[in-house]
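# Have a look at this prediction, sequence included:
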Amino acid sequence: GEDVEQSLFLSVREGDSSVINCTYTDSSSTYLYWYKQEPGAGLQLLTYIFSNMDMKQDQRLTVLLNKKDKHLSLRIADTQTGDSAIYFCAESKTGGSYIPTFGRGTSLIVHP
Amino acid sequence: DTEVTQTPKHLVMGMTNKKSLKCEQHMGHRAMYWYKQKAKKPPELMFVYSYEKLSINESVPSRFSPECPNSSLLNLHLHALQPEDSALYLCASSKGGGAKNIQYFGAGTRLSVL
């Protein structure tokens, strides 16, 4: 299986919360990242979490890490149409070059 | 300034052309990367430069030739490309040398090979 797995699509109504999930397989992961890519643009780092943390909050974004289940989630509160994009989860591992491995991306669609 | 600048934004080239993609960062980062991204897919790593030396080449065909003239610049020289090479080419940079390897991406060059 892939190192980092994400569901491909998520559709939410404007104003609701969005939760994007990610699972990874390598327990030696050190940092886990969330990137956002809008159509025709590059990847923008949204947030990251170190593997010894359980949670990180930054304004509308909350990252939860369950290290036992190797599960990472990104919650976006009060989702807006401008949040429509592809969200990539990525991990970097110890013992290597620390180059992040990306998941396939979750396409978030926000409708009015 | 967390900006990585890529030029051109769009490029159309024939299979016999030679062209170059350029990338620039002024964050003092010592690692720079080229990625290829097809639509609806994650970025695929092509090359990594660390301290201006090529450290990773992910078995990329020789029609792609990277160059790192100095610590701020990264080029990708293109020659005799195939239509399947059409994609978004992304440049990224990071501080390098540690586990917290936050990459900053440029907006990309959209390449079409006819």
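All right, it came through fine.
# B:Glu58 and B:Met46 touch, don't they?
Yes - contact criterion Cβ atoms under 8 Å: B:Glu58 and B:Met46 qualify, at 5.8 Å. For glycine as for every other residue, the C-beta is placed from the backbone atoms N, C-alpha and C.
# Which one of these two is surrounded by more residues?
Ranked by neighbour count (other Cβ atoms under 10 Å in any protein chain shown), B:Glu58 and B:Met46 place B:Met46 first, with 20 against 12.
# secondary structure class for the more buried one?
strand (DSSP: H, G, I helix; E, B strand; the rest coil).
# ok, for it, nearest residue in space, not its chain neighbours?
Once flanking residues are discounted, B:Met46 sits nearest to B:Trp34: 4.4 Å by Cβ to Cβ, 6 or more residues apart in numbering or on different chains.
# can you pull the pLDDT of that neighbour?
Per-residue confidence (pLDDT) for B:Trp34: 97.
# do the one 4 residues further on as well
According to the prediction, B:Lys38 has pLDDT 95.
# Up against chain B, what does chain A have?
With Cβ under 8 Å from any Cβ of the partner chain as the criterion, chain A meets chain B at residues A:30-31, A:33, A:35, A:40-45, A:48, A:50, A:86, A:88, A:92, A:94, A:97-100, A:102-105, A:107.
# Filter those residues down to the ones in strands?
Judged by DSSP state E, the residues of chain A next to chain B include A:30-31, A:33, A:35, A:43-45, A:48, A:50, A:86, A:88, A:92, A:102, A:107 as members of strands.
# What helix or strand is the residue most central in space within chain B located in?
Nearest to the geometric centre of chain B sits B:Trp34, at 2.8 Å (Cα atoms, centre = their mean). Using DSSP states H and E, B:Trp34 maps to strand B:31-37.
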